[in-house]
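Enquirer: could you look at this predicted model? Sequence included:
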Amino acid sequence: MIYINFLDKNHMPFMAITSFTGRWRFLSNFYPAKIKYRGIEYPTVEHFYVSQKIKDEQFVNSKNIPLIDCQEMISKIKTPSEVKEFGKNLKLRKDWEIVKRSIMEWALTEKFKDPDLKKMLIETGDEELIEGNYWHDVYWGVCNCQNCGERGENNLGKILMKIRSNIKGDKSEIIDFLLPGIK
């Protein structure tokens, strides 16, 4: 299900968007949304996010690639799925676990500066946004597989709800600065 009723802790019904597919695909990091950063244009949030996993040159295809060249190379990878796979082979920056949430928040804030995407995000109303998945991503979403049993921190959904709240309150300038850790 994509849009379902839940009961909160007081057994009151509320609505939630539990999958960023179909009508709600625009909430996904794979959705086309240009992110410009330091002279490089990334076609999706996923492209930008993966490019920020590194701080040093990378060893790719038996060659050392300087940081900026590697980031530009990432921006040109054809699909977000390929970018995600490529990112699994990168030598992560040492502070990645500390900065990754801030980097994601900055990228999503940039994404939803687009007037059409901003309108679509506002149109989600007050529904809880849950990045439901089956690939065991319990940091960014909630995994619905049998083994995980609907477990997860849902950080992506929380960031999206924060941005939506900021937009509604016209506080979009709150995250409109360079966050620590973004290179």
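Expert: Received the coordinates, thanks.
Enquirer: any chance you could map the strands in this structure?
Expert: Listed from the start of the chain, the chain has strands (DSSP state E) covering 3-7, 13-17, 32-37, 40-44, 58-60, 63-65, 128-129, 132-133, 142-143.
Enquirer: roughly how far out does the fifth one sit from the chain middle?
Expert: Meaning strand 58-60. Between the centre of strand 58-60 and the centre of its host chain there is 24 Å, according to Cα atoms, centre = their mean, to the nearest Å.
Enquirer: what are the pairing partners of it, and which direction each?
Expert: In the sheet containing strand 58-60, its partner strands are strand 63-65 (antiparallel), by DSSP bridges.
Enquirer: contacts for the partner strand next, please.
Expert: If you take Cβ atoms under 8 Å, 6 or more residues apart in numbering as the criterion, strand 63-65 is touched by 57-59, 73. (Each C-beta comes from the backbone N, C-alpha and C, glycine too.)
Enquirer: now for this protein: which helix has the highest residue count?
Expert: Across the chain, the longest stretch assigned as helix under DSSP state H is helix 96-111.
Enquirer: which secondary structure elements does that one sit against?
Expert: Using 3 or more Cβ pairs under 8 Å, 6 or more residues apart in numbering; DSSP states H and E, the elements in contact with helix 96-111 are strand 32-37, helix 45-51, helix 155-168.
Enquirer: any weak-confidence spans in the protein?
Expert: Scanning the chain for pLDDT under 70 picks out 1-14, 170-183.
Enquirer: just give me the residue right at the centre of it.
Expert: Asn29 (4.7 Å; Cα atoms, centre = their mean).
Enquirer: OK, contacts around that residue?
Expert: Applying Cβ under 8 Å, 6+ apart to Asn29 gives the contacts 44-46, 49, 80, 107-108, 156.
Enquirer: tell me the phi and psi of it?
Expert: Here is the backbone geometry of Asn29 (degrees, to the nearest 10): phi -70, psi -10.
Enquirer: how close does it get to Pro66?
Expert: Distance of Asn29 to Pro66, given as Cβ to Cβ, to the nearest Å: 26 Å.
Enquirer: one more: Trp96?
Expert: According to Cβ to Cβ, Trp96 stands 19 Å off from Pro66.
Enquirer: ok, those two, which is more surrounded?
Expert: The residue with the greater number of neighbours, taking Trp96 and Pro66 and applying other Cβ atoms under 10 Å, is Trp96; the counts read 15 against 11.
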